[in-house]
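coords please:
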Amino acid sequence: MKKSLPFIFTFFCFALSFAQEHCDSALTVALGSTTTAPAFTNEIGEIPTQLCGLTNQNGIPATKGKWYTFTATENNTVTVTTFLPQNNNSDTRFIVYSGSCTSLTCVGSNDDYNGTNSSQLTFAITTGTVYTIAFDNRYSSAGFDFRITIAPPPAPDRLSFTSTPVAGIAGGYNNCIADMNGDYRDDIVSAINTTQLAISYQQVGGGFTTSTYALSNTSVLPSWSIAAGDYDNNGYNDLIFGSGSGIVFLKSNSDGTAYTTDRKTQSYLVQRTNFVDINNDGKLDAFACDDNAPNRRYMNDGVNMNHIQGGIGDFASGGNYASLWSDFDNDGDIDMHLSKCGQGGSGVGGNINQMFNNNGDGTYTNIAAAANMADAEQTWSSAVGDFNNDGWMDVIVGVNSLSDGNTNVKRNNGDGTFTSITVGSGYDTIFTTGREYVAHDFDNDGFLDVLNSGSTIMFGDGNFHFTPNPNTYPLSSVDRPVGDLNNDGFLDIQNGNNVLFNNGNINHWIKINLQGIQSNRNGIGARIELYGAWGKQIRDVQSGTGFQNMSSINAHFGIGLETQITKVVVKWPSGTVDTINNPSSDQSLYVLEGSTALANTNFNNSEFSLYPIPTKNILNIKTNNSFIIQTAQVYELTGKLVLNSEVINATINVEFLTKGTYILKVTDSKGKVYSQKFNKE
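Residues are numbered from 1 along each chain as shown. The predicted model follows:
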């Protein structure tokens, strides 16, 4: 029996390799599937002779063909494409027919889609009709993948918003959308004046309840920017206000019911502010763009936010407008694109955008020139995201003045360089300007869109084509943070004293809510990967995108008409990787760092070990001589803190804990955090 298996397998592969060689033996494929077409073999398959508009260059015909078929089960519109990252721009072309092999009728054809070597065609299908797809080898005999998917609805039908007043939102300053009470629902934060803060908390079932908090006089309001993040890792987000005279931190207390102010003494014109773990020590730092001098950092030592000027954007006269933190080279640490619109003149430096590579040791190097990202633009912000779902973060360089050119679409080539592909993108015909450019999937079709100038959204198709909604939205030019403000899975826009609620469509979605253990609690800087029939999508968790508002920290993905998700992968700043297989769509998925069954932890546990495992009553901690534990906490895998314990004689009493798996988090005398799982009997 064993000896016959190789022969059976070989025969199966042999039969499969020839099944698609002729129209009458075309392989049946399914909508929503990705199919691998093997290389054209030496055997001559049936050549499609009815080319349906294609031509043979220099009169030289194809010599081989491959045939596939599917039957429509509903009236709809589908897209057949080889424009896929794994094909590496393979040279393909195909024809689509309806009818039987003896009487084929042309539906359409495509070659060199959008100036590439790939091919793509969108066409209407009718219930019960058989469609046949024929590829030939006119330009290449290499193998390739192709995909058949339901096409998204056309732009005019994609999306509408309903503008609804929300009592309690204060006007006049830049606002923030973030979860402020630890329930992972997006809330709205607005400054009333220097002594009052308003938070409109999203309620279960819809609506908001607004609470007002007294502040010691901050003397600073978010007149230029605002950002949120939990910089003391206590479970409640803190705030940073950026103004024309410096910054102030608003730090939440241990239950989110009050805020203390930390007004920094440095006086300067602030532009974009962010919370970001610059040195990857598990504690959020803050970054502030200086309009008139080198940029500012506030490094978190666990107690204080310590001011440092320079090191990441040192142009003497500033011109620093938006710091956009993302992992551009996919090496696991966070880099930064700096949008500039400043003094010094074109070509001198004040308005030349920069890109900073993380050297992995807390220092950063400007690589913009080598990366083709040293754009001389009047840029107030840029939209960062993976616009073609190839696993690399791209940049749409926005403009607030046309003096140096219009919006520039830059594709990440995955080799440390970017290519401008503005021509044909849709942005080459858009000449409006604006401050805010942010990337989100508003219609949940699986492709990032851009909320930008012109009071509209540029809807992306996944191939760097962007189409404006034909009707503009009632949008403010500046105050429009983004988040899911009714928890329905579609992103909304806060706009002055109103919320533009997204009316949605039939597309599906998933949101990812993170809680870091060794990484910062928000998981800011984490890379999230989503896998399914569409391939792969990515998001980087960020605080502070665009120019001045603060949008949701929760990561949001649209998945179109698909409902099945293969897996979610979370790559934490600590190096830990969590994998969740087959999560349900249309849900908010909570992930605690290192808690999943398939977690590949990279926690630095060389400093201590635990025994016995499993334990009944006492958990012993064995440390090296230099490691001194200051605090110890035990978490359930849900993220709930169940024990805040003293460590007595290197032991912790866990007798009262119920049977299960827990995470022990310890902090040493230097403020470094370490974690490890253990089982309780």
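
low-confidence stretches in this structure?
In the prediction, the chain carries residues with pLDDT under 70 at positions 1-19, 42-43, 151-158, 343-348, 453, 597-606, 625-626, 638, 671.

quick one: the helices in it, in order.
4-19, 368-371 (DSSP state H).

report all helices and strands that the shortest one contacts.
By that I understand helix 368-371. Helix 368-371 makes packing contacts with strand 354-358 when contacts are defined by 3 or more C-beta pairs under 8 Å, 6 or more residues apart in numbering; DSSP states H and E. In short, each C-beta sits where N, CA and C put it, glycine included.

strands paired with the strand it packs on, and their directions?
Strand pairing for strand 354-358, determined by DSSP bridges: strand 335-340 (antiparallel), strand 364-366 (antiparallel).

quick check: residue 455 vs residue 429, distance?
17 Å (C-beta to C-beta, to the nearest Å).

with neighbour numbers in mind, choose between those two.
residue 455 (18 against 10; other C-beta atoms under 10 Å).

who's in contact with that one?
By C-beta atoms under 8 Å, 6 or more residues apart in numbering, the contact set of residue 455 is 472-475, 477.

of those residues - the most surrounded one?
Most neighbours among those, by other C-beta under 10 Å: residue 475, with 22 neighbours.

which one of the strands paired with strand 354-358 lies closest to residue 642?
Proximity to residue 642 (C-beta to C-beta) singles out strand 335-340 among the strands paired with strand 354-358, at 37.0 Å.

do you know how far residue 300 is from residue 251?
Residue 300 is 11 Å from residue 251, by C-beta to C-beta.

in stretch 249-259, what's buried?
For stretch 249-259, a neighbour-count test (16 or more other C-beta atoms under 10 Å) marks 249-252, 256, 259 as buried.

nearest to residue 643 among these?
residue 256 (21.2 Å).

contacting residues for the nearest residue to residue 56 once chain neighbours are set aside?
Closest residue in space to residue 56, ignoring its immediate chain neighbours: residue 138 at 6.3 Å, by C-beta to C-beta, 6 or more residues apart in numbering. Applying C-beta under 8 Å, 6+ apart to residue 138 gives the contacts 56-57, 60-62, 93.

any idea which of those residues has the most stuff around it?
These, ranked by neighbours (other C-beta under 10 Å): first place residue 93, 24 neighbours.

so what's that residue bridging to?
residue 111.

can you report how many residues lie near the closest residue to residue 255 other than its chain neighbours?
Leaving out its chain neighbours, the residue that sits closest to residue 255 by C-beta to C-beta, 6+ apart is residue 236, at 7.4 Å. Neighbour count for residue 236, taken as other C-beta under 10 Å: 20.

need the strands for the stretch 551-681 of the chain, in chain order.
555-560, 565-571, 577-581, 588-592, 608-611, 618-623, 629-636, 641-645, 651-653, 660-668, 673-680 (DSSP state E, counting those that start in this stretch).

for the first one, name the packing helices and strands.
Packed against strand 555-560, as judged by 3+ C-beta pairs under 8 Å, 6+ apart, are the following elements: strand 508-515, strand 527-532, strand 535-540.

using PDB, list the CA coordinates for that strand.
C-alpha atoms of strand 555-560 as PDB (Å, rounded to 0.1, in the frame of the first residue of the first chain):
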ATOM      1  CA  ALA A 555      -7.400  48.500  14.600                       C
ATOM      2  CA  HIS A 556     -10.200  48.200  12.100                       C
ATOM      3  CA  PHE A 557     -10.400  46.000   9.000                       C
ATOM      4  CA  GLY A 558     -13.100  45.700   6.300                       C
ATOM      5  CA  ILE A 559     -13.300  42.300   4.500                       C
ATOM      6  CA  GLY A 560     -15.900  43.000   1.800                       C
END
